[in-house]
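**Q** No letters, just coordinates:
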């Protein structure tokens, strides 16, 4: 099983230790620690976006983090994720180029799921690419980690 986690889910996991986003990130980290399985797939472009979004002043303040904390978090994401080279671009397929970037990682990485809070932004993906688009909570229920 391969998943691509949208930036909004990682960001939500920084804001709250209670929600499904944090539980999802904790799950992929534990799976990596247990048996070195890398379920999450990322690209270099995503890592650049993570840095740009996570280090915005409003996000640092809301999460009560420093830029150094965020760099450590991004490094951890990179460690527990498979890195995918983008060989085929689908742009433009979705309304937002940043969402197209997530789709391209999922398509090129043969992902089964895109995990996002913005399901409407990925309209048509499941029908055209056979990649399921779920929220963190839906995904965790689907794999039996939440009830």
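**A** That came through, no problem. Predicted model only: the values in this text are computed from it and were never measured.

**Q** drop to CA atoms for contacts and neighbour counts, all remaining ones
**A** Will do.

**Q** List the contacts of the residue nearest to residue 14 when sequence neighbours are not counted.
**A** Excluding its sequence neighbours, the residue lying closest to residue 14 (Cα to Cα, 6 or more residues apart in numbering) is residue 63, at 5.9 Å. Residue 63 sits next to 14, 15, 16 when contact means Cα atoms under 8 Å, 6 or more residues apart in numbering.

**Q** Give me the pLDDT value at residue 63.
**A** Predicted confidence (pLDDT) for residue 63: 97.

**Q** now swap in residue 48 and tell me
**A** 97.

**Q** any idea which helix or strand carries it?
**A** In this assignment (DSSP states H and E), residue 48 forms part of helix 44-54.

**Q** Mind giving me the packing neighbours of that helix?
**A** In this structure, helix 44-54 packs against helix 7-15, helix 67-79, helix 97-108, with contacts taken as 3 or more Cα pairs under 8 Å, 6 or more residues apart in numbering; DSSP states H and E.

**Q** Give me the distance between the last one and the centre of its chain.
**A** To tie it back to what came earlier, the one meant is helix 97-108. 11 Å (Cα atoms, centre = their mean, to the nearest Å).
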